[in-house]
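Peer 1: below: sequence and its predicted model.
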Amino acid sequence: MPRVEQHAPVGGPAILHGASDDAVAELRAAIATGQLVLYYQPKIDLTTGSCTGAEALVRWRHPERGLVFPDEFIPLAEKSGLIAELTTWVAEEAIRQCRAWQAGGLYITVAVNISAESLRDHTLFETFRAALDEHAVSPFSLEIEVTETGVMDDPAAALALLERFNDVGIHTAVDDFGTGFSSLLYLRDLPVHTLKIDKSFVMSITSNDRNEAIVASTVALGHALGLRVVAEGVEDAASAATLQELGCDVGQGYFWSRPLPPDALVEWLARSHGTPPRAGGWRAPQRRKVELALEATRRLFTCTTRAALTQELVAAVVSIGGTIVSADEDHDGHALQLDLSLGQPQALLASAAPGSLARQHLDEFLPLLVTAAQLVAANGAH
C-alpha cells in the first residue's frame, strides 16, 4: 500500500478520515470500478544520475472531488478493513505496469508501500507472488517499502513476512527512517536492504546543521550495515549536491520529478536519460537492464538464509569453474560472486539438479543473468 503522503485537500474538504458507511461504500466502489490510479516518482542514483527505480503512489480520481491524495483515504481503508483490498489492487497494478514497461524495453525497479496493518496479513506474500506469476515479472524487479513505525508495531510478524519476501529475491526498504525510534537490534536482524531517510531531515539539510549531521550519521550507519541509503524529499540542486558529498546513494524528490502517470514517466525518462549511445556505451534503458541483471546476480547469492540452498549454489558455482570471491556467512547466507561470461549462465543452470532448491532459484534468476551477459559482451561493460 503506497505511503500516506501529506497534501492539502484537493477538490473539497477531507472526506475520508471518518469511517462512515457512505465513505466506506465510496472507497469500496472506487477499488472495484477503476477509480484508483498509480503515479510513479523516480529514484535517482546520486553518482551516475541514472534512474534506478520508481515508487508507486496511489491516487483516487473521485468523480466529484477530482484527484484525491492518499492521506485522505488511506486512514479510512485501515479503519474499515479495506486495506487488504486496496493493497491487492496496488500490488497487481504496479506489477502489471512493471511488465508493460519491460515489454517496451524499460527496466526499473518498482517499489510498493506496505502499511503496518498489512504487515500482519498472512495472505500478503501470496498476493504479491500470484501477481508476479500472472504477469511473468521477476521478483528482482519489485521492492517493498515498510515504515519504521509499522515494523515496530509487531516486529515478529514483520520479520516473518519480510523473510518470505527476502527468500524469493524481493528487497525491502525501511521508509521514513529516523522518525520511528526503532531499536537498532531490529534494524540489524530484519532482512532489509535499503534505508530511506525521512524528508523532514532532508528538506532543510543545507540550512540546518543538526539535520545534516543526522543524515550523515544515517548514511554511515546504513553503509556500515551493508545497506543502500535513499534520501527522499530532495527539492533543490544544493540538497542533491550535499547528499552526494555525504555519500548517500539515491535521491528522490521534486528536484528531479513529481510523481507522474506511467506514460508521463516514460516521457520524462526519454528526455532525461534517453541520450544516443556514445562510443562504448548504450542507451539508458539498456544500461539499466544490465544494472538490474547485475544486481540480480548479487541478490541470488545473498538473499537466502536456507543452508541447503546455499550449499547447493556453492556446489553449482564450483562445478562450472566459477570463482567464489568470498564465502562469508552472515544472516543473509553466503556472499558469492560469479563471473558473467556468456557460457556460464546456462552452465550454471545445467549444473543444478532438476527439482532442487538451487534449480528453482536459478529458473527465476536466469533470464536476467543471460540478458546481462549478452549486453555486457556486446557493450564492454564491467
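Peer 2: Done, it's in.

Peer 1: quick one: end-to-end length of stretch 95-111, please.
Peer 2: One end of stretch 95-111 sits 10 Å from the other (CA to CA, to the nearest Å).

Peer 1: can you point out the buried residues in that stretch?
Peer 2: Burial within stretch 95-111, assessed by neighbour count using 16 or more other CB atoms under 10 Å, is assigned to 95, 97-99, 101-102, 106-111. Where C-beta positions appear, they are placed from N, C-alpha and C, glycine not excepted.

Peer 1: what's the closest of the residues you listed to Ala30?
Peer 2: Nearest to Ala30 out of these is Gln97 (CB to CB; 18.5 Å).

Peer 1: excluding chain neighbours, what is closest to the closest one?
Peer 2: Excluding its sequence neighbours, the residue lying closest to Gln97 (CB to CB, 6 or more residues apart in numbering) is Pro262, at 5.5 Å.

Peer 1: report pLDDT for Ser141.
Peer 2: On pLDDT, Ser141 comes in at 87.

Peer 1: quick one: it from Glu232, how far?
Peer 2: Per CB to CB, to the nearest Å, Ser141 is found 21 Å from Glu232.

Peer 1: low-confidence ranges, the stretch 51-200 of the chain, go.
Peer 2: 180-183, 185 (pLDDT under 70).

Peer 1: where do the strands of it begin and end?
Peer 2: 51-62, 66-68, 109-114, 142-147, 171-177, 194-197 (DSSP state E, counting those that start in this stretch).

Peer 1: by how many degrees do the third one and strand 171-177 diverge?
Peer 2: The one in question is strand 109-114. Relative orientation of strand 109-114 versus strand 171-177 (axes from the mean of the first three to the mean of the last three CA atoms, to 10 degrees): 60 degrees.

Peer 1: strand 109-114: partners in the sheet, and parallel or antiparallel?
Peer 2: Using DSSP bridges, the strands paired with strand 109-114 are strand 51-62 (parallel), strand 142-147 (parallel).

Peer 1: and those: which comes nearest Glu72?
Peer 2: Closest to Glu72 of the strands paired with strand 109-114 is strand 51-62 (CB to CB; 7.8 Å).

Peer 1: CA atoms of that closest one as PDB?
Peer 2: Provided in PDB are the C-alpha atoms of strand 51-62 (Å, rounded to 0.1, in the frame of the first residue of the first chain):
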ATOM      1  CA  CYS A  51      17.100   6.400 -12.800                       C
ATOM      2  CA  THR A  52      17.300   3.300 -10.700                       C
ATOM      3  CA  GLY A  53      13.600   2.800  -9.900                       C
ATOM      4  CA  ALA A  54      10.300   4.400  -9.100                       C
ATOM      5  CA  GLU A  55       7.900   4.400  -6.200                       C
ATOM      6  CA  ALA A  56       4.300   3.600  -6.800                       C
ATOM      7  CA  LEU A  57       1.900   6.200  -5.200                       C
ATOM      8  CA  VAL A  58      -1.800   5.700  -5.300                       C
ATOM      9  CA  ARG A  59      -4.400   8.400  -6.200                       C
ATOM     10  CA  TRP A  60      -8.200   8.400  -6.300                       C
ATOM     11  CA  ARG A  61      -9.800  10.000  -9.300                       C
ATOM     12  CA  HIS A  62     -13.000  10.900  -7.500                       C
END
